[in-house]
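Visitor: structure for the following, please:
(one chain, ligands or ions: 1)
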Amino acid sequence: MDEAPLHIAVFPWFAMGHLIPYIQLSNKLAKRGHRISFIIPRKTRSKLDQFNLYPRLITFYPITLPPCDGLPDYAETTSDVPPPFFRLIMAAMDRTENQIEELLLQLKPQIVFFDFVYWLPNLACKLGIKSVLFLIINPATVGYNASPARLLQGSKLTEADLMKPPSGFPSSSMKLHPHEAKIFAWRRTLDFGNGIFFHDRLYKGLTQTDAIAFKGSTEIEGPFVDYLANQYGKPALLSGPVVPEPPTSRSDEKWARWLEQFKEDSVVYCAFGSECILQTAQFQELLLGLEMTGLPFLVALLKPPGGFESVEAAMPEGFKERVKERGIIYGGWVQQQVILAHSSVGCFITHCGAGSITEGLVNKCQLVLLPQTLPDHIMNSRMMSSELKVGVEVERGEEDGLFSRGSVCKAVKIVMDDESETGKEIRENHAKLRSYLLSNDSESSHMDRFCEKLRDLLR
Ligand SMILES: C[C@@H]1O[C@H](OP(=O)(O)OP(=O)(O)OC[C@H]2O[C@@H](n3ccc(=O)[nH]c3=O)[C@H](O)[C@@H]2O)[C@H](O)[C@H](O)[C@H]1O
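Guide: All right, here's what the predicted structure looks like:
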């Protein structure tokens, strides 16, 4: 490489599901010699250090969030508080503009990556820095939901409108069920920090940034990224799938010991990311569905609302006595990537967060898709089940969106059953996609193109 390395500052939304993939992307860039100045929440640093594989090139710049009415002092990422508080974290991030300006003046990066902090493109422009809106949310969701073609339908977009893709959208199989259209419609007018709707925040960022970029690969996301480049009339880049480096740490001893008692590919691991909280009835239905499978299972979920002291306290009656050592329900943080790589784990029930989907695809365990209340989870689920056919969605009520123990058990059985035709097709497709994602050629050609397009912004 004869060109000078780039210096990129990054300022992602303070959610673990965004911070971790931003560090994974930074690792890929640092591997090629680029320098990253990474703005992080101060107290969360101890959780993030382990992901930084190039500390000589990736420097963390911890910042303290300014106080915000109603936000507890200790809260700085979405995993510190329940969902109603997320908009206050966003409001506090919006108040860091002066701090960020000073930092950028001092660091002098050539490019700054951001996602939800919509005011960053204007600030960057003032300082002579190029801005890139880098989204870990898949481009299909953004194209479906926030393309200018959708806005032309007017501000009174109905749930019925949202059940169909906007004009020119590159896929006709990505359709929503009524309960999902409700979620999409609700999100559009969600107050998300300083009185600005989530949708408007994203739209402002998309219109003002110098370029839009996504985590994803040309083969899967290419048509959606081209659609957005066309719609917004600006460069749209793909970083490649940003497959995490294989974990170097071993699983916590207690999980490793527990997993080792079971035969290969037999354990169901179920986790819903860093912020998702199930209502008690659905939490219990999920556990009862796992019990019905007869398989061993490890569940890492936050406790449901309602004042439960622990996840154990929220278990269905008699559940613990019935499943005994065969099932573990844990309410704390686990090393997900290490667990997914364990040879005993054969199935992953995921909420379809962007990070979990990639981590699931690059491991051998089969995917059961149980998307929760975020539009990109729903689109990820549809993409994995209908377009790529690498996982099975848990069936839900068309109107109420609720799943049952029977539907959980059914989906697990399909992917785990050697005799099932659907299961066979899914396992074959997953194996092909896994080997594509893990191939060095795919990663390095995506990164070549990505870095070239970043350089184009500076010419
Ligand atoms: C706004 C939203 O942020 C979301 O993040 P979320 O935390 O829900 O899920 P993941 O993307 O799987 O991210 C969660 C990340 O945390 C890791 N982890 C989680 C729990 C645990 O106990 N141990 C772990 O190691 C996991 O391995 C993954 O890397 C999604 O992106 C979503 O797409 C986006 O819209």
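
Visitor: residue nearest the middle of this protein, spatially speaking?
Guide: Nearest to the mean C-alpha position of the chain, counting by CA atoms, centre = their mean, stands residue 354 at 2.6 Å.

Visitor: burial of the closest residue to that one other than its chain neighbours, as a residue count?
Guide: The shortest distance from residue 354 to any non-neighbouring residue, by CB to CB, 6 or more residues apart in numbering, is to residue 136 (4.6 Å). The C-beta positions use only the backbone N, C-alpha and C, and glycine is treated the same way. Using other CB atoms under 10 Å, residue 136 has 26 neighbouring residues.

Visitor: residue 136: what's it in contact with?
Guide: Contact analysis of residue 136 by CB atoms under 8 Å, 6 or more residues apart in numbering lists 17, 18, 21, 22, 115, 214, 215, 354, 355.

Visitor: ok, now with 6 Å
Guide: Going by CB atoms under 6 Å, 6 or more residues apart in numbering, residue 136 touches 18, 21, 215, 354.

Visitor: which of those residues count as buried?
Guide: With neighbours counted by 16 or more other CB atoms under 10 Å, the contacts of residue 136 contain buried members at 18, 21, 215, 354.

Visitor: please spell out which residues along stretch 253-272 are buried.
Guide: Within stretch 253-272, the residues that qualify as buried are 255, 258, 259, 262, 266, 267, 268, 269, 270, 271, 272, counting by 16+ other CB under 10 Å.

Visitor: what does it contact?
Guide: The set of residues external to stretch 253-272 that reach it, using CB under 6 Å, 6+ apart, is 295-301, 339, 342-349, 351, 412.

Visitor: and stretch 296-308, is it in reach of the ligand?
Guide: Yes - counting by CB under 6 Å from any ligand atom, the ligand has neighbours in stretch 296-308: residue 300.

Visitor: find the nearest non-adjacent residue to residue 196, please.
Guide: residue 118 (7.5 Å).

Visitor: the one you found in helix, strand or coil?
Guide: Secondary structure for residue 118, judged by DSSP: H, G, I helix; E, B strand; the rest coil, is coil.

Visitor: doesn't residue 206 make contact with it?
Guide: No - look at residue 118 against residue 206 with CB atoms under 6 Å: they stay out of range, at 9.0 Å.

Visitor: which residues sit against stretch 274-287?
Guide: Contacting residues not belonging to stretch 274-287 are listed as 16-17, 78-79, 302, 304, 306, 314, 316, 319, 351, 372, 404-405, 408 [CB under 6 Å, 6+ apart].

Visitor: run through the residues of the chain sitting next to the ligand.
Guide: 15-18, 20, 136-137, 271, 273-276, 300, 333-337, 353-356, 359, 374, 376-377.

Visitor: put the buried members of those into a PyMOL selection.
Guide: Buried residues among these (16+ other CB under 10 Å), as a PyMOL selection:
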select buried, resi 15+16+17+18+20+136+137+271+273+274+275+276+300+334+335+336+337+353+354+355+356+359+374+376+377
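
Visitor: so which of the residues of the chain next to the ligand are in helices?
Guide: Secondary structure assignment by DSSP state H places 16, 17, 18, 20, 336, 337, 354, 355, 356, 359, 376, 377 of the residues of the chain next to the ligand in helices.

Visitor: no further questions, thank you.
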